[in-house]
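*Asks:* Dropping the sequence and predicted coords here.
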Amino acid sequence: MSRIGRLPIAIPDGVEVKIDGQTVSAKGPLGTLSVTVRPEITVKMENGSVVVSRNNEQRETRALHGLSRTLVANAINGVKTGFEKKLEIVGVGYRAQMQGTTLNLVLGYSHPINIEPPQGIKIEVDQNTKIRVSGADKRMVGDIAALIRSKRPPEVYKGKGIKYEGEHIRRKVGKTGKK
């Protein structure tokens, strides 16, 4: 049996979980999220926790077991505490600022880049070089952080660009002069 899939999901205080067939809905202080699981997977409430099980032992179903449990757990934890990704901007003249709810990036192009976050995602800028993306939906937070990073990924010679906080950029040696 899946080592991740068999673990029960504890429901924290202040979170309400409702199971309607194949749809699991979680409602908490940060909003409401719902996850639809495949028909091969069964979700039940037992002893104040959510238990995910599978109906058969086929290879695909075994693979979906742990995935489904993780998606449900992320929805439950997301409406309680939320998720966040931090990005850093490295480079002379590169900066970010908020204009209302829109993120404005100056990354060395001839034009500024504006990113409007979707509903439920919050973007904050510290010191013009640090960006924090937060929200209840883990997938959406990661997608928006990846979108921001894709506007100017770090380059390997000087390390200029947008990188995740703590990300290590492997640097290449530049050209050397003739001897």
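*Replies:* Thanks, I have it. Residues are numbered from 1 along each chain as shown.
*Asks:* wait, doesn't residue 112 sit right on residue 103?
*Replies:* No. The pair residue 112 and residue 103 fails to qualify as a contact (C-beta atoms under 8 Å) at a distance of 10.2 Å. C-betas here are computed from N, CA, C, even on glycine.
*Asks:* If you count contacts, what does the longest helix along the chain end up packed against?
*Replies:* Selection of the longest helix in the chain by residue count, based on DSSP state H, yields helix 59-80. Applying 3 or more C-beta pairs under 8 Å, 6 or more residues apart in numbering; DSSP states H and E, we find helix 59-80 packed against strand 9-10, strand 23-28, strand 31-36, strand 41-46, strand 49-54, helix 138-150.
*Asks:* wait, which of those is closest to residue 84?
*Replies:* Relative to residue 84, the nearest member of these by C-beta to C-beta is helix 138-150, separated by 6.7 Å.
*Asks:* C-alpha coordinates for the closest one, PDB please?
*Replies:* In PDB, the C-alpha atoms belonging to helix 138-150 read as follows (Å, rounded to 0.1, in the frame of the first residue of the first chain):
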ATOM      1  CA  LYS A 138      -0.500  25.500  -3.600                       C
ATOM      2  CA  ARG A 139      -0.600  24.800  -7.400                       C
ATOM      3  CA  MET A 140      -1.700  28.300  -8.300                       C
ATOM      4  CA  VAL A 141       1.000  29.900  -6.000                       C
ATOM      5  CA  GLY A 142       3.600  27.800  -7.700                       C
ATOM      6  CA  ASP A 143       2.300  28.600 -11.200                       C
ATOM      7  CA  ILE A 144       2.300  32.400 -10.600                       C
ATOM      8  CA  ALA A 145       5.800  32.200  -9.000                       C
ATOM      9  CA  ALA A 146       7.000  30.200 -12.100                       C
ATOM     10  CA  LEU A 147       5.400  32.800 -14.400                       C
ATOM     11  CA  ILE A 148       7.200  35.600 -12.700                       C
ATOM     12  CA  ARG A 149      10.500  33.700 -12.800                       C
ATOM     13  CA  SER A 150      10.100  33.000 -16.500                       C
END
